[in-house]
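S.K.: my questions are about this predicted structure, shown below with the sequence.
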Amino acid sequence: MDGGTEWVVDAFDCSAERLRDRARVIALCGEIVARCELRVVGEPAIHVFPGPGGVTALYLLAESHLACHTFPESGVATINLYCCTPRRGPSWDLVCATHLGSTRVIVRELARGGA
């Protein structure tokens, strides 16, 4: 059985202002969805934490899920994309730099459900 691919992404040195910006996080998730040709099921759940807090976004996909959590206090964003159908991931460095201002991105790509 082929269980698809999961990307676990950590973006560092992001702009604290962008990490608090709901619209920026939605734009980031939207670009990931578009570049990977994913299909969003229902409305995304977006929560903006009060004060200096960050944003959490969760998208239910026909292909599985996308989650993004931002931490303005440390300049970090964490992204998890799981696709149960084969596809290429986006250029993580580019999308994180464009939307969040990151200067360093670590990507772990995991094969899921394989023997």
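M.R.: Thanks, I have the structure now.
S.K.: count the neighbours of the closest residue in space to Phe12 that isn't next to it in sequence for me.
M.R.: Leaving aside its chain neighbours, Phe12 sits nearest to Arg104 (4.4 Å; criterion: CB to CB, 6 or more residues apart in numbering). Glycine gets a C-beta too; all of them are placed from N, C-alpha and C. For Arg104, the neighbour count with other CB atoms under 10 Å is 12.
S.K.: which residues does Arg104 contact?
M.R.: Ala11, Phe12, Asp13 (CB atoms under 8 Å, 6 or more residues apart in numbering).
S.K.: geometrically speaking, which residue is the centre of this structure?
M.R.: With distances taken as CA atoms, centre = their mean, Ile79 lies nearest the centre of the chain, 3.6 Å away.
S.K.: ok, that one touching Tyr59?
M.R.: No: counting by CB atoms under 8 Å, Ile79 stays clear of Tyr59, with 10.9 Å between them.
S.K.: got any residues that touch both of those two?
M.R.: Leu66, Ala67.
S.K.: now the strands for this protein?
M.R.: 5-12, 45-48, 55-61, 64-71, 76-83, 104-111 (DSSP state E).
S.K.: turn those strands into TSV, including mean pLDDT.
M.R.: Compiled in TSV, the strands of the chain are given as follows (pLDDT from 0 to 100):
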stretch	mean pLDDT
strand 5-12	97
strand 45-48	98
strand 55-61	98
strand 64-71	97
strand 76-83	97
strand 104-111	95
